[in-house]
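Colleague: here is a sequence with its predicted model. Questions after.
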Amino acid sequence: MRYCKNTEEAEDALMEAFVKIYNNMDRFRYQSSLETWMRRICVNVSINKIRARKNIWQDLSESEYELGYDDYSFENLQLQDLLDLINTLPDGYRAVFNMFAIEGFSHKEIANELGIDEGTSRSQLAKARKSLQNHLNKMKGGES
């Protein structure tokens, strides 16, 4: 659900991932845990779904690359609350945020996986963080 735009797309991605896992079990080399290998397949299938969508990348001006955000805003948030907030992000923001902040991809890796420029990855992450911070500020009663 972190990558998909709705439940139906997530279910479709999950089914496709399980089919790939089943069909490729002979390729599992025990170099990592089975869970890690399966998660990687699920993420890759979800990324392919994102690639298939058009017009999800938000165009930004140079000044928007430098938007500030406060990582400490997220400290007291419960996991489900954070996941719910992430799901409110536009598709492009959500994809890059998940890949960078949760999966640990570099901007170069994100750019390669999604077929975008590194600058687009950086800008989408900056906008995602700013959007999440704005949502948190609204939840706190408008504090800045």
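Modeller: Alright, I've got the coordinates.
Colleague: for the residue in the chain sticking out farthest from the centre, give its distance to K140.
Modeller: Taking CA atoms, centre = their mean, the residue of the chain most remote from its mean C-alpha position is D26, at 28.9 Å. Going from D26 to K140 by CB to CB, to the nearest Å gives 52 Å. For every residue, glycine as well, the C-beta is placed using N, CA and C.
Colleague: try W37
Modeller: Taken as CB to CB, the span from W37 to K140 is 40 Å.
Colleague: what about those two, which has more around it?
Modeller: Using other CB atoms under 10 Å as the criterion, W37 and K140 rank with W37 on top: 18 against 11.
Colleague: what about the nearest residue in space to that one that is not next to it in sequence, neighbour count?
Modeller: In space, and not counting its chain neighbours, W37 is closest to F28: 5.6 Å by CB to CB, 6 or more residues apart in numbering. Per other CB under 10 Å, the neighbour tally for F28 reads 13.
Colleague: just N87 next, same as before
Modeller: There are 13 residues near N87, going by other CB under 10 Å.
Colleague: same deal with L125?
Modeller: By the criterion of other CB under 10 Å, L125 has 20 neighbours.
Colleague: and what of D84?
Modeller: Residues near D84, counting by other CB under 10 Å, number 12.
Colleague: which strand or helix spans it?
Modeller: When elements are assigned from DSSP states H and E, D84 belongs to helix 79-87.
Colleague: same for the helix ranked longest in the chain, what does it pack against?
Modeller: Using DSSP state H, we find that the single longest helix of the chain is helix 118-139. Using 3 or more CB pairs under 8 Å, 6 or more residues apart in numbering; DSSP states H and E, the elements in contact with helix 118-139 are helix 79-87, helix 91-97, helix 107-114.
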